[in-house]
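J.: sequence-free structure coming up:
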């Protein structure tokens, strides 16, 4: 739970990145409350592009707020595809998966992205993203056999 809804609402209203950064630093929120803050910001008109270059925490906010603002799987994946260098840790993959929109999601669409991502040998966490995309939908035995062909020995 966010300790002070009034305080975060005022920061969002002012759209002041320095106040937001200080607020987050002072409160040391766990992930759940941070996600609630991201949702509040996503519902606002705040242009979060400045977050990307401010701090690693706000870069995480920037990425996930953008994901929250998309309406469907296709638009979400276009954004992800254009920002694959964002994925630099296990957390950047695992922590963002829940924000990917499911509307319009099909196994075929996931498979096409995963096929490219799992082949990425230069960015290990892009490869991880490729595998993790399959957790987004139920799979048939036939689809699992298709996925098995993408698996390879890596760290």
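T.: That came in fine, so what should we check first? Nothing here was measured: the structure is a model prediction, and the numbers come from that model.
J.: buried stuff in stretch 37-48?
T.: Of the residues in stretch 37-48, 37-38, 40-42, 46, 48 count as buried by neighbour count, 16 or more other C-beta atoms under 10 Å. To be clear about C-beta, it is placed using only N, CA and C from the backbone, and glycine gets the same treatment.
J.: when you check those against the strands, which ones overlap?
T.: When strands are assigned by DSSP state E, not one member of these lies inside them.
J.: so which of the residues you listed comes closest to residue 23?
T.: Distance ranking of the buried residues of stretch 37-48 against residue 23, using C-beta to C-beta, places residue 37 first at 8.7 Å.
J.: what's the distance between that closest one and residue 72?
T.: 24 Å (C-beta to C-beta, to the nearest Å).
J.: try residue 80
T.: When distance is defined by C-beta to C-beta, residue 80 is 13 Å away from residue 72.
J.: higher neighbour count, those two?
T.: The neighbour comparison of residue 80 against residue 72 (other C-beta atoms under 10 Å) goes to residue 80, with 23 against 12.
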